[in-house]
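In: Give me the fold of what follows.
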Amino acid sequence: MSASTRNGTLNQSLRCLSFEQLAFLKTHWAVWARDDQLPPEPADPANPWRVWLILGGRGAGKTRTGAEWIRAKALGLTAAPAMRIALVGETLGEVRRVMIEGQSGLLAIHAESERPHYESSKQQLTWPNGAVAQIFSADNADSLRGPQFDAAWCDEIAKWRDGEQVWDMLQFGLRLGNAPQVVVTTTPRPVALLQKLMGDISCVVTHAATHDNAANLAPSFIAEMSRRYAGTVLGRQELMGEIITEQQGALWRRDWIETARVRAAPELTRIVVALDPPVTATAASDACGMVVAGLGADRRAYVLADCTLQGREPHVWARAAIALYQDYKADCIVAETNQGGDLVVSVLRQIDDAVPVKQVRATRGKWLRAEPVAALYAEGRIVHAGTFDRLEDQMCCFGADGLSGGRSPDRLDALVWAITDLMLSGQAKPSVRQL
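Out: Purely as a prediction, here's the structure:
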């Protein structure tokens, strides 16, 4: 049967239903869900799973799956209903924006008669039947001390700064009911917590790729993502939902970054904005790498921001760079001028003729320039004050072929210029340790 015939038959069948039947069908998730969006059956009914880990690409339907699972729990539509629920996201704002008020969030998927009431002052949702969901930020593990639950939904766990500590506190609170359960929805990254969960016998794992949800996404988005990232390491992670561990021959290791990560930088003695401008300014152009970093009194460098822009006109990235210079009270802008020469400085000076600009030129290949910076990471002398997913992905995919995720490593180039200026200018350059 062709797709058009199938759709015609479906439309004809829907026209035979009453308004009440259509309203019920709209919120009957089992009718619309893909198989990977339905809770998996336990291998042993006597030992149900405790954690359902959903690894998916961007736009794969992870949020809808998590929200529908919570809805079924709260409304008693499962064999193990829940009356006390925890909703945990990267920040309280993310919980509200994505898990509660998002297009696929909890408020959107309920019928009006069953929709929970959200009280922002109490940071909780309350269903008409009395079920309550409290919201928590992964930035505050201690907030999970005390409350108790029989179900939880954790979103984007691979981005949590103190993931293992927050996860442990949540486990102590999952003590209500006969068999408390957690659903975890995340785009994967090779962080320790995620790998630990995948190896746990009480955890079941399902996968979803972005293209699995193509019917609910803009065709132009699917086409553009495929054009840009198909076959790349970044595409495998962000679109296919695969966990990409260290690339063989990569110059950086993720554990170097994770071990030294902090929430905020200390007082800094010097700050620079590093700029790696593109040659052209079209949608298909290389990005304009833009990284802010500073030097602490402890003689360690702190990466403060990755504000890289894609395919922008010179005056756009120049204004953005100067805004960063002003916002961070930086000492100067470090700009690579191999491609644009004096034009790069000229564009910056047209906007602010007083901004100090230090010109740098690449006289060696990307690998040779990046190697001494990677050595500093190996020694624990460079710290990320926050999480910079796309920058870190480029770093950990940067191999001996000089590639990073299949595209020019613009973010990485800007990082290398920043760290070189702060820590390596006029100094002996170390080599990478073999660990």
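In: hey, let's count contacts and neighbours off CA atoms from now on
Out: Noted.
In: low pLDDT regions in the stretch 151-300 of the chain?
Out: 231-233, 244-248, 279-286 (pLDDT under 70).
In: And the stretch 1-150 of the chain, by the same measure?
Out: Ranges of the stretch 1-150 of the chain meeting pLDDT under 70: 1-14, 17-27, 43.
In: what residue lies at the spatial centre of the protein?
Out: residue 159 (5.6 Å; Cα atoms, centre = their mean).
In: so what's that one up against?
Out: Listed by Cα atoms under 8 Å, 6 or more residues apart in numbering, the contact partners of residue 159 are 90, 387.
In: phi, psi of it?
Out: Per-residue torsions, residue 159: phi -100, psi 0 (degrees, to the nearest 10).
In: How is this protein divided into domains?
Out: Per automatic domain parsing, the structural domains of the chain span 33-229, 254-424.
In: And the strands in the stretch 1-150 of the chain, which stretches?
Out: Taking DSSP state E, counting those that start in this stretch as the criterion, the stretch 1-150 of the chain carries its strands at 51-56, 84-89, 117-119, 124-126, 132-137.
In: Who are the packing partners of the third one?
Out: In other words, strand 117-119. Applying 3 or more Cα pairs under 8 Å, 6 or more residues apart in numbering; DSSP states H and E, we find strand 117-119 packed against strand 124-126.
In: Could you check how far the strand it packs on is from the centre of its chain?
Out: Strand 124-126 has its C-alpha centroid displaced from the chain centroid by 26 Å (Cα atoms, centre = their mean, to the nearest Å).
In: So residue 358 lies in a strand, does it not?
Out: Yes. Checked against DSSP: H, G, I helix; E, B strand; the rest coil, residue 358 lies within a strand.
In: Roughly how far does it sit from residue 278?
Out: Here the criterion is Cα to Cα, to the nearest Å. By it, residue 358 lies 17 Å from residue 278.
In: How about residue 215?
Out: With Cα to Cα as the criterion, residue 215 and residue 278 are 35 Å apart.
In: the more surrounded of residue 358 and residue 278?
Out: Using other Cα atoms under 10 Å as the criterion, residue 358 and residue 278 rank with residue 278 on top: 23 against 15.
In: ok so the more buried one is a strand residue?
Out: No. Using three-state DSSP, the secondary structure at residue 278 is coil, not a strand.
In: would you list every one of the strands in the stretch 151-300 of the chain?
Out: 151-155, 181-186, 203-208, 268-276, 287-296.
In: strand partners of the third one, parallel vs antiparallel please.
Out: Right, the one you point to is strand 203-208. strand 51-56 (parallel) (DSSP bridges).
In: Also the second one?
Out: Partner strands and pairing direction for strand 181-186 (DSSP bridges) are strand 51-56 (parallel), strand 151-155 (parallel).
In: and among the ones you listed, the most buried is which?
Out: Per residue and on average, the most neighbours among the strands paired with strand 181-186 fall to strand 151-155, with a mean of 27 (mean count of other Cα atoms under 10 Å).
In: could I get that strand in PDB with only the CA atoms?
Out: What follows is strand 151-155, C-alpha atoms only, in PDB (Å, rounded to 0.1, in the frame of the first residue of the first chain):
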ATOM      1  CA  ALA A 151       9.700   7.900  40.100                       C
ATOM      2  CA  ALA A 152      12.000  10.400  38.500                       C
ATOM      3  CA  TRP A 153      12.800  11.900  35.100                       C
ATOM      4  CA  CYS A 154      16.400  13.100  34.500                       C
ATOM      5  CA  ASP A 155      17.100  15.200  31.400                       C
END
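In: now the angle from it to strand 132-137?
Out: 30 degrees (axes from the mean of the first three to the mean of the last three Cα atoms, to 10 degrees).
In: Next, the angle from strand 151-155 to strand 84-89.
Out: Using the same axes, to 10 degrees: strand 151-155 against strand 84-89 is 10 degrees.
In: Around residue 50, how many other residues sit close by?
Out: 18.
In: before we move on, what about residue 188?
Out: Residue 188: 23 neighbours (other Cα under 10 Å).
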